[in-house]
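J.: The following block contains a protein sequence and its predicted model.
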Amino acid sequence: MQFSKGHGTGNDFVLLPDPDSQLDLTPSMVSALCDRRRGIGADGVLRVVRAAKHPEAVEHAGTAEWFMDYRNSDGSVAEMCGNGVRVFTRYLISTGLADPVGGTLPIATRAGVVRAVVGEGDGQISVDLRAPRIGGNGVATLGGLTLAGTAVDCGNPHLVCVLPASVDLAGLDLTRPPGFDPALFPSGVNVEFVASAPPVDGADLHVLMRVYERGSAETMSCGSGTCAVAAVALRDAGRTSGVVAVDVPGGRLTVTMDERSCWLAGPAVLVADGEINLTGLAG
Ligand SMILES: N[C@@H](CCC[C@H](N)C(=O)O)C(=O)O
């Protein structure tokens, strides 16, 4: 079958066009595709399906033509992927499957329909993931550390841990998953670690972030995680709106937030097209 490969600030995806939803994409196929030695290698898979053809998206078919069926690299399903929507949009436009009307393209996801806007000539794609919902307090454990965090719902679950000055962000060992309270996050959680950074032009706040993603381990970037981090940074600054620059290992994402919307902006790039035998790969 045909595939494409793309990324947004190093958060990389295999895209599988399956407009009529004929592919039985199993978790073992997904993890084989995402295997960086035996497969193509990626943090996740984006299956490109017409909303009208997918039971989880058919209710949105009147609003959005395309459904992003997102899977983590371990084969698990997730509700939202902010970088994924941006790369998905790039794919739809590059392949001619969609043409943004008035510059905006609605995309169906498991967390509802999000709007995507393609920048003119700057390589950027922005998506409105809608305002994150800040929840209660939690803790993440990592090595010998216990780090206080804030639960944030961006359609998918996040735990944002702002590091105390005594903990070095770059020095955290994210080769193993952080611990969290399963009673607070019964379906697992993406854990973001955050440090403050000096002011930059064009942003009210500037932070550094690393993430351990549910279902994919440490990644170079997480768009929904970036929105969660921006929401906590704005709250901690006593604000309900503003622009937050978030530097992740793969580059910079910018979040522009108010009470209703949460625009996530950054590059979205396609790097390869090819053909793969999915049956042979999973075997
Ligand atoms: N990298 C993504 C988030 C992907 C899903 C996440 N791992 C989950 O299980 O919720 C992003 O850019 O938002």
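T.: It's in.
J.: What count of nearby residues applies to Val160?
T.: A count of nearby residues for Val160, using other C-beta atoms under 10 Å, gives 29. Backbone N, C-alpha and C define where each C-beta goes, glycine included.
J.: and stretch 179-187, does that touch the ligand?
T.: No. Judged by C-beta under 6 Å from any ligand atom, stretch 179-187 stays clear of the ligand, getting no closer than 8.6 Å.
J.: Return the set of buried residues in that stretch.
T.: 180, 184-185 (16 or more other C-beta atoms under 10 Å).
J.: what does that stretch contact?
T.: 136, 138-142, 151, 157, 159, 189, 191 (C-beta atoms under 8 Å, 6 or more residues apart in numbering).
J.: same thing with stretch 198-213?
T.: 43, 72, 169, 172, 174, 177-178, 190-197, 218-219, 221-222, 225-226, 229-230, 233-234, 237, 239, 242-249, 254.
J.: And the buried ones among those residues, selectable in ChimeraX?
T.: The following ChimeraX line selects those of those that are buried, judged by 16+ other C-beta under 10 Å:
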select :43,72,172,174,178,190,191,192,193,194,195,197,218,219,221,222,225,226,229,230,233,234,242,243,244,245,246,247,248,249,254
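J.: In strands, which of the contacts of stretch 198-213 fall?
T.: Those of the contacts of stretch 198-213 mapping onto strands are 72, 190-196, 218-219, 242-248, 254, per DSSP state E.
J.: Could you report the neighbour count for the nearest residue to Pro27 once chain neighbours are set aside?
T.: Leaving aside its chain neighbours, Pro27 sits nearest to Gly75 (2.6 Å; criterion: C-beta to C-beta, 6 or more residues apart in numbering). Residues lying near Gly75 (other C-beta under 10 Å) number 19.
J.: Ser31 is in contact with Gly75, correct?
T.: Yes. Counting by C-beta atoms under 8 Å, Gly75 touches Ser31, with 4.8 Å between them.
J.: ok, which residues in the stretch 51-200 of the chain are in contact with the ligand?
T.: Residues of the stretch 51-200 of the chain lying near the ligand (C-beta under 6 Å from any ligand atom): 72, 78, 81-84, 156, 190.
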